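Visitor: here's my sequence, what's the structure:
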Amino acid sequence: MTKERTSDITNHFMTNMPEMTIRHFFALICYNITMKPLNILGLTIFFGGLLTIVGYGLFKFFEDTTIPVVVRLGIIAIILGIIIILISLIRERINEKNL
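Guide: Sure thing, here's the model as predicted:
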């Protein structure tokens, strides 16, 4: 992306900020769809570390027997709901890209 194009996008964002939706903001952030190998490596390491920390936290959470079953089930439902929403958003994004 050229500096001129980046400047145009930034100016557009700053002047039209109240009218922009989250979808427009996401489109501006992801304007350059092609990712460089170093970016992919960085994202892979980041999400690997994130999953490790979240996995360890969930392990310790379910290892603790003092937490009531209702709370555990509620947290499981919240996590599954978030995962389902993310999967559906990713599938929708892929379908829009293929159109």
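
Visitor: quick one: list the elements packing against the helix of greatest length in the chain.
Guide: Among the elements of type helix in the chain, defined by DSSP state H, the one spanning the most residues is helix 69-98. In this structure, helix 69-98 makes packing contacts with helix 37-63, judged by 3 or more CB pairs under 8 Å, 6 or more residues apart in numbering; DSSP states H and E. For the C-beta atoms, the positions are set from N, CA and C on the backbone; glycine is no exception.

Visitor: where does pLDDT dip in the protein?
Guide: Low-confidence segments of the chain, defined by pLDDT under 70, span residues 1-35, 99.

Visitor: and the angle for the longest helix of the chain with helix 37-63?
Guide: Going by axes from the mean of the first three to the mean of the last three CA atoms, to 10 degrees, helix 69-98 is angled at 160 degrees with respect to helix 37-63.

Visitor: check which residues of helix 69-98 are buried.
Guide: Using 16 or more other CB atoms under 10 Å as the burial criterion, none of the residues of helix 69-98 qualify.

Visitor: tell me how far residue 87 lies from residue 40.
Guide: As defined by CB to CB, to the nearest Å, residue 87 lies at a distance of 20 Å from residue 40.

Visitor: ok, residue 58 next?
Guide: Between residue 58 and residue 40 the distance, using CB to CB, works out to 26 Å.

Visitor: and those two? Which one has more around it.
Guide: For residue 58 against residue 40, the residue with the higher neighbour count under other CB atoms under 10 Å is residue 58, and the figures read 13 against 10.

Visitor: return stretch 48-61 as CSV; C-alpha atoms alone will do.
Guide: Taking C-alpha atoms only, stretch 48-61 is exported to CSV below (Å, rounded to 0.1, in the frame of the first residue of the first chain):
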residue,chain,number,x,y,z
GLY,A,48,-0.4,-20.1,20.0
GLY,A,49,0.6,-18.2,23.2
LEU,A,50,-2.9,-16.9,23.7
LEU,A,51,-4.4,-20.4,23.4
THR,A,52,-1.8,-21.7,25.8
ILE,A,53,-2.7,-19.1,28.5
VAL,A,54,-6.4,-19.6,28.0
GLY,A,55,-6.1,-23.3,28.0
TYR,A,56,-4.1,-23.2,31.3
GLY,A,57,-6.6,-20.9,32.8
LEU,A,58,-9.5,-23.1,31.9
PHE,A,59,-7.6,-26.2,33.2
LYS,A,60,-7.1,-24.5,36.6
PHE,A,61,-10.7,-23.2,36.6
